[in-house]
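J.: Kindly generate the corresponding structure for this input.
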Amino acid sequence: LLRRQLPRGESLQPSVALLEALDTPFSKPPETDTPTEEAVFACATHVFLQSPQASECLNALGKAFIPALFQHVLVFLTFVRTAHFWTKVHPEIRLEEDLTELLDVHEALAECVRNDPEAENCEATQVLLNELAFLRREREQAELLRTTLASIGDAVITTDTECRITEMNAVAESLTGWDRQDALGNPLESVFRIGNDTTGKTVENPATKALRDGVIVVLANHTILVGKDGRECPIDDSAAPIRNAEGELYGCVLVFRDVSQKRAAEIEQARLAALVDSSEDAILGLTLDGVVTDWNLGAERLFGYSAQEMLGKSIFSTIVPIDRKEETLDNLIRIRQGHRVEPLETIRVKKDNSIVPVSISISPIVDSEGNVVGASAIDRDISNQRAAELRRNARLAVTEILAEETSVEQAISRILAVVGDGLGWDVGCFWRIDPTQNVLCCHDFWQRPCSNLDEFRAATLQLTLEPGESLPSRVWWSFKPAWVTDVS
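T.: Okay, the predicted model is just below:
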């Protein structure tokens, strides 16, 4: 300032007029070696020296710069001029080391500062006393912001209204691959490059939309961040406009996080869900009280209930028979204690009230801290296995009876009883051919104990059947076994 030729009087007016006529205030210092820069220096020098034209120049500077930059210029000029006076009158203000060095190097500047008898009463000093408190608050808020950004676990980038980076924290440096100092001042799009990991297409930067529309913007799913080194990272992201106390748009804040582990977990969860749904077994998720939380397609096929019907319902009011309630409660107690229930054969009730034999395995579900929070049950239909076992046992029993008896007639009653009991029948009849009349006659009749079939028994024993007349005679006539699954 002191080395430049200082225009005074009439020669100063073009500089003042140039600054007052600017359409848009400066947000940064003007280009060097331009008329505008000369005008700024001329007015700033008059303010610095507190010349008679200082007030006029101060007003011109106020119009030439945006408020924040004007405050910094004003604080700098006035503080340097009156630093010597302040440190005497206000001992709480410490003389900065760099200012001391500046005064030692520039004798002319030091002389100007030390010989300012009117500093206490000058207008600039009073303005600066007010601005200094504001600047301190601003610095404290900026320091708080930097500290907050550094402590946040998510990546944070802030921009100005032109979407140029003004700040970024260490997490943002790590994810983007950009050093903070290199990134500051760059367009956000050059540092924060995003695309769709499915289509590969570039995605509109959310900060641009937030600044344009003045609203909070959240990224769509499947967004990836392309780092400076080309490394791709799936992210979640949101951008929000920053406004000052007057509601004016000040910039934008962008918050994003690495969701690689979350995305991998989602893929694994989808894979497991597909495996569960493709299983032929019924797979159930349960609370520790027996309320259904998961119900796969195998469970729908086995029990006849849809997932919509079962979710939130208790198994005790749906698929567990009354006589198996205690057994099931005991199993849930074992699960609550962290134990597994090894394959257990029992029975369950279908939606149509029919009984189905099942083999059940139950395992505890634990959270990340090892606490048991539920149970996973696998119910396997063993109807065919049970039927095969019954048939095998019945054949063995019949073989033993035939080995013990000397004739079929003597073995018939025992065979009917063994087969009927073993296969769960209610009635068993043995028909013989009467060769004299060429008809079938019921030779022996077995019925389950306690069944009220006495009249049916009497009628059957008196019945004779012509060839092809009914089921027994059709089997006799065709020499082929027959099976009717639903007689009604």
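J.: a strand runs through Q261, doesn't it?
T.: No. Under DSSP: H, G, I helix; E, B strand; the rest coil, Q261 falls outside any strand and is assigned helix.
J.: So what sits opposite V349 in the bridge?
T.: I355 (DSSP bridges).
J.: where's it relative to I412, distance?
T.: 36 Å (CB to CB, to the nearest Å). Yep, even glycine has a C-beta here, placed from its N, CA and C like the rest.
J.: R257: what's it in contact with?
T.: Going by CB atoms under 8 Å, 6 or more residues apart in numbering, R257 touches 153-155, 235-237.
J.: Checking it next. Helix, strand or coil?
T.: Assignment for R257 (three-state DSSP): strand.
J.: Tell me how many other residues crowd E173.
T.: Neighbourhood size, E173 [other CB atoms under 10 Å]: 19.
J.: Surely it and R180 touch.
T.: Yes. Contact criterion CB atoms under 8 Å: E173 and R180 qualify, at 5.6 Å.
J.: In contact with R340: list those residues for me.
T.: Contacts for R340 (CB under 8 Å, 6+ apart) come out as 334, 361-364.
J.: Kindly report the same for P30.
T.: Per CB under 8 Å, 6+ apart, neighbours of P30: 36-37, 40.
J.: From those residues, list the buried ones, please.
T.: With neighbours counted using 16 or more other CB atoms under 10 Å, the contacts of P30 contain these buried positions: 36, 40.
J.: L286 and G312, how far apart?
T.: Look at L286 and G312: by CB to CB, they are 11 Å apart.
J.: got it, and T34?
T.: According to CB to CB, T34 stands 74 Å off from G312.
J.: again, but for R301
T.: Distance from R301 to G312, by CB to CB: 20 Å.
J.: Tell me which residues touch S314, please.
T.: If you count contacts by CB under 8 Å, 6+ apart, then S314 has 289-292 around it.
J.: Give me the local confidence score for it.
T.: Note for S314: predicted pLDDT of 94.
J.: again, but for the one 4 residues further on
T.: At T318, the predicted lDDT confidence score is 94.
J.: got it, and D434?
T.: D434 is given a pLDDT of 88.
J.: Let the chain start at 20 from now.
T.: Yes, from this point I'll number from 20; that puts the last item at D453.
J.: how many other residues sit next to it?
T.: Considering only other CB under 10 Å, D453 is surrounded by 11 other residues.
J.: which residues pair with it across the strands?
T.: V458.
J.: contacting residues for it?
T.: By CB under 8 Å, 6+ apart, the contact set of D453 is 459-460, 483.
J.: related to what we said a few turns ago, now the buried members of the contacts of S333.
T.: Judged by 16+ other CB under 10 Å, buried ones among the contacts of S333: 309-311.
J.: Among these, which lie within strands?
T.: By the criterion of DSSP state E, membership of these in strands covers V311.
J.: quick check, nearest of the buried ones among the contacts of S333 to E39?
T.: The closest of these to E39 turns out to be V310 (CB to CB; 76.7 Å).
J.: isn't the closest one right up against F335?
T.: No. Here V310 lies out of contact with F335, judged by CB under 8 Å, at a distance of 9.4 Å.
J.: which stretches of the stretch 70-219 of the chain form helices?
T.: According to DSSP state H, counting those that start in this stretch, the stretch 70-219 of the chain carries its helices in the segments 73-83, 86-108, 116-124, 126-133, 142-170, 189-195, 199-202, 207-210.
J.: Generate JSON lines for the contacts of S333, with pLDDT and distance to Y269 as supplementary columns.
T.: JSON lines is the format used below for the contacts of S333 (pLDDT from 0 to 100; distance: CB to CB, whole Å):
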{"residue": "D308", "pLDDT": "93", "distance to Y269": "54"}
{"residue": "G309", "pLDDT": "93", "distance to Y269": "57"}
{"residue": "V310", "pLDDT": "95", "distance to Y269": "52"}
{"residue": "V311", "pLDDT": "93", "distance to Y269": "53"}
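J.: Can you name the two of those residues that sit furthest apart?
T.: D308 and V311 (10.7 Å).
J.: Could you check how far V437 is from D173?
T.: V437 sits 74 Å away from D173, going by CB to CB.
J.: my bad, H241
T.: Taking CB to CB, one finds H241 at 19 Å from D173.
J.: In terms of neighbours, single out the busier of the two.
T.: Using other CB under 10 Å, the more surrounded residue of H241 and D173 is D173, with 18 against 13.
J.: Show me what the closest residue to the more buried one other than its chain neighbours bridges to in the sheet.
T.: Nearest residue to D173, sequence neighbours excluded (CB to CB, 6 or more residues apart in numbering): R276, at 4.6 Å. Counting by DSSP bridges, R276 forms beta bridges with D255.
J.: Quick check: R276 vs P362, distance?
T.: R276 is 44 Å from P362, by CB to CB.
J.: same check, this time on K220
T.: As for K220, its distance to P362 is 52 Å (criterion: CB to CB).
J.: So for those two, which residue has more residues nearby?
T.: For K220 versus P362, neighbours defined as other CB under 10 Å are more numerous around P362 (12 against 7).
J.: any idea which element the more buried one lies in?
T.: Per DSSP states H and E: P362 is located in strand 360-368.
J.: starting at the chain centroid, how far to that strand?
T.: Distance, stretch centre to chain centre, for strand 360-368: 36 Å (CA atoms, centre = their mean, to the nearest Å).
J.: what helices or strands is it leaning on?
T.: helix 344-355, strand 374-385 (3 or more CB pairs under 8 Å, 6 or more residues apart in numbering; DSSP states H and E).
J.: give me the low-pLDDT residue ranges for the stretch 70-219 of the chain?
T.: Low-confidence segments of the stretch 70-219 of the chain (pLDDT under 70): 94, 97-161.
J.: ok, now which ones touch I235?
T.: 229, 257-260.
J.: Please repeat the previous calculation with a cut-off of 7 Å.
T.: Neighbouring residues of I235 by CB atoms under 7 Å, 6 or more residues apart in numbering: 229, 257, 259.
J.: do you know how far the first one is from R183?
T.: For A229, the distance to R183 (CB to CB) stands at 14 Å.
J.: go on, the second one?
T.: Applying CB to CB, the value for S257 to R183 is 20 Å.
J.: Also I171?
T.: For I171, the distance to R183 - CB to CB - is 21 Å.
J.: same deal with E474?
T.: In terms of CB to CB, E474 sits 99 Å off from R183.
J.: And for E267?
T.: 17 Å.
J.: which of these two has more neighbours?
T.: Comparing E267 with R183 by neighbour count (other CB under 10 Å), the higher total belongs to R183, at 16 against 9.
J.: what about stretch 443-460, distance to the chain center?
T.: For stretch 443-460, the distance to the chain centre is 71 Å (CA atoms, centre = their mean).
J.: Let me fix that, I meant to ask about stretch 32-40.
T.: Centroid separation for stretch 32-40 versus its chain: 58 Å, with CA atoms, centre = their mean.
J.: Which residues belonging to it are considered buried?
T.: 34-35, 37-38.
J.: Reformat those residues as a markdown table; add pLDDT and distance to C76.
T.: Compiled in a markdown table, the buried residues of stretch 32-40 are given as follows (pLDDT from 0 to 100; distance: CB to CB, whole Å):
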| residue | pLDDT | distance to C76 |
| --- | --- | --- |
| S34 | 91 | 8 |
| V35 | 92 | 7 |
| L37 | 92 | 12 |
| L38 | 91 | 9 |
